[in-house]
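> any chance you could fold what I've pasted below:
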Amino acid sequence: MLIVFGSAREGIFLGVITVLNMLIGIAQEIRSWLALEKLQLQTALRVIRVSADGTESIVLAENVLVGDTVKLKSGDQIPCDGRLKSSKGFEVNEALITGESVSISRNIGEEISAGSIVTSGLGVMIAEKVFTESKIAEMTKTIKKYAPSISPIQRSINTIIKYTGYGLLGIIAFVVIRGFLIGAPTIQIIQNVGALTSALLPQGMVVIITLLFSYGAAHLHKRGVLVQEINAVEKVGRIRNLCIDKTGTLTDNNLSLESIHQAKGLQEGFSDFAISTYLEGSGDTSQTMMVLKDNITGQPPSIVSDNISFSSARQFGAVLTKKGDQNYVIIAGAPDVLLSHCSLPEEKVWLKDLIDKELNSGKRLVCFAGYNADKIPNDLKTTQLEIIALCVIKNDLREGIQEAIQFFQSRGVAIRVISGDSADTVRSVAMAAGIQNTDKYVNGDELEKWSKEDFTEKISQYSIFARIKPDQKERIIEALKTVGFTAMIGDGANDALAIKKADLGIAMFDGAQATRQVASMILTKNNFLDLPGGVVLAENIIENIEICASIFFNQAFIGLLLFLVLTGFGYSFPLTPLNITFINYFTVGFPGFLIFYWIIRPVHQHVFKPKKDFLKRVLPFAFVSAIFQAVVVIFAFWIDVMDIGVRYPQAQVGTSTVLLCFIILGFLFFIFTPRVYSGLTTALQRWQFVLLATLETIFLVVLLNIFIVKDFFNIKNFSAHTLYVLSSVIIVYAIIQYFLAKKFSKLANR
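Residues are numbered from 1 along each chain as shown. This is a model prediction of the structure:
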């Protein structure tokens, strides 16, 4: 429009600047996207494909073709629609498709759907469709391929841009109508519209935030944290509730069998026979059972005629075999679950004594029991069991876990352990790790009785959740989200849906594929200890985004207040689009370089604990400061008007003085922002401000003494009287700004 209506120089320059900004932004977005795609290839869904000669190979799920044979185990996500060729205790969870979080048994010949998660057992499927033709692909084809939940900062920026846009439309309409009513030249109306748009919209904020998130994602990967959604860089710094599992997070993954206690009165070696029969026939591939399989020797297993694999929801697994001439069911489960179904009082006493002894040391216990029956029960309500053996499995605390727990708790993060183990075991390990409030615990059986209101009211009171079923994990996470930003760390298939529902889902790299697929972040070294470094980086990025955003908002507020006041007195907006571009070099450009440097080289280390959301921390200081700044700018405009002695509608009234005011006030505002959002300004930062002020002053003086530059940016000469009066007013403002920063530093960090 500038070009069409006669201001070709401004139009071409701003056009070039706009196109360059777009190209740079697009290039950075593409570069970030490609880098993220390369990183995500490490966690892409892979499956075991079985060839015609029986050899197995691991392939990407997208390479599975119709007719391929695919082997599935617990924790896998089904890659495409197909039909089961073989099944051994095979169960799936279809919650990602149907929303129902109940595991369903699938038998030979039955259909299974892409997106389902294998929760127990083993199976072999024949692919009948490729993924793009599957049910879940049909259901989601109208949904964007990449639509993660936005982060708090992104949500805040979207809100600001949305309402600023609405306000700007009204202002533009007012400027255009008023311009035509008073007979202002068309080019002046367009210049005013362009200048107001440039001044009021926080230009570049989205691009800058994306660049900072991209930087964070790349550096988190070097620290063993793979980001699958780029805004997770911010989310990891927002955690207020951190939910973790016991095994694999607090303890290491190196399980070892410590002992097997066979019940009294049984034939010697019967426990080995029963355990090996269960292991061979159940299809249970959990890490716990694999430890037993590697250590059990003795009599060979019996033939199994039926089986169900262990699942967290059922809390037991079972096989149907023979004991002599009779059918016999062997059951594996948690000892405290099986204890209440024990038929002999002396066995109950023996088992309870063992449980009390071993649980207090934080060890994992697996109990085997059995009884004569012709079929496997759906539940244990009416069963009377004989205890066969108690297996004691140990795994040690991760090295350095106490320091990691202390790191989060020192930041006010509540650590909550959600586990399928017994309360005594979980509490013992949690206490050893240094987790606070381990006396506040609740069992899954009690949670079953809670209403939705109970979850909302009571959930924040507890740190330990024991004997928890998969569907209860989801409800716990949903309830905790109402009391603070909630992250969930997990590795098993039964963690997938809870991770998906959390504000931030974090998965272990060696965990179930389904869990990795839905997580926002993955710990590539399977180590919880890598997370604190990511949190420190995220906090630094958030803090500097707040500084950057406050500059953008402050400049926009000054522009808005200036427009409102001058319009009320009958004056036109004094700046042109080229003036705004020139101002941005000094108020946003130069400070931006220093902000990026602070992210790469943090100037201080302190605990970052913002208790207010992004806008409540950023907007008050930016707006109140803008009120005082606007007073100074309006005063400068009035001085210029008095010097020139010309009233509206002349276009260039107040331009040069207002431009200089914007630059000086913007820089003064910037040097006080670290104190507000960090709570302090270091000696190094003060020296950096002196250096930046010197560079900006030299650059400004040089440019203002180049006639071509002044003419191009529509900058007029300044009178000595104007500069003298303006200097005095700015000194007064700087003193006011100091006290404002001191006051808002306390408010922002309260």
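
> I'd say His341 and Asp379 touch.
No: the criterion here is Cβ atoms under 8 Å, and His341 misses it with Asp379 at 10.2 Å. Every C-beta, even on glycine, is put in place using the N, C-alpha and C of the backbone.

> who's more crowded, those two?
Each of His341 and Asp379 has its neighbours counted (other Cβ atoms under 10 Å); His341 has more, 19 against 9.

> could I get the contacting residues of that one?
Under the criterion of Cβ atoms under 8 Å, 6 or more residues apart in numbering, the neighbours of His341 are Ala369, Leu380, Thr383, Gln384, Leu385.

> can you pull the phi/psi pair for it?
phi -110, psi 10 (degrees, to the nearest 10).

> what of Thr438?
Residue torsions, per degrees, to the nearest 10, at Thr438 are phi -70, psi -10.

> hang on, it packs against Ser463?
Yes: using Cβ under 8 Å, Thr438 is in contact with Ser463, at 6.1 Å.

> so what sits against both of those two?
Contacts common to Thr438 and Ser463, judged by Cβ under 8 Å, 6+ apart, are Ala430.

> what about Glu128, how many neighbours?
When neighbours are counted by other Cβ under 10 Å, Glu128 comes out with 16.

> now do the contacts for it.
Per Cβ under 8 Å, 6+ apart, neighbours of Glu128: Val66, Cys80, Asp81, Gly82, Arg83, Glu111.

> most neighbours, which of the residues you listed?
Busiest of the contacts of Glu128 [other Cβ under 10 Å] is Cys80, holding 28 neighbours.

> thought it was touching Val130?
Yes: using Cβ under 8 Å, Cys80 is in contact with Val130, at 5.8 Å.

> mutual contacts of these two, please.
What both Cys80 and Val130 touch, as defined by Cβ under 8 Å, 6+ apart, is the set Val64.

> how about the helices in the stretch 551-700 of the chain?
Along the stretch 551-700 of the chain, counting by DSSP state H, counting those that start in this stretch, helices occupy 577-584, 590-600, 614-644, 655-678, 683-704.

> contacts only, for Phe368.
Contacts of Phe368 by Cβ under 8 Å, 6+ apart are Ser271, Ala274, Ile275, Tyr278, Ile330, Ile331, Ala332, Ile387, Ile388, Ala389, Leu390, Cys391.

> what about the last one, which SS state?
The three-state label for Cys391, taken from DSSP: H, G, I helix; E, B strand; the rest coil, comes out as strand.

> so it touches Leu292, yeah?
Yes: Cys391 is within contact range of Leu292, at 6.2 Å (criterion: Cβ under 8 Å).

> of these two, who's got more company?
A count of neighbours by other Cβ under 10 Å puts Cys391 above the other of Cys391 and Leu292, at 25 against 22.

> how near is that one to Cys367?
Distance of Cys391 to Cys367, computed by Cβ to Cβ, to the nearest Å: 8 Å.

> and for Phe586?
Phe586 is 73 Å from Cys367, by Cβ to Cβ.

> and for Tyr738?
Tyr738 is 69 Å from Cys367, by Cβ to Cβ.

> those two: who's more crowded?
Cys367 (26 against 14).

> does the more buried one count as helix, strand or coil?
Following three-state DSSP, the label given to Cys367 is strand.
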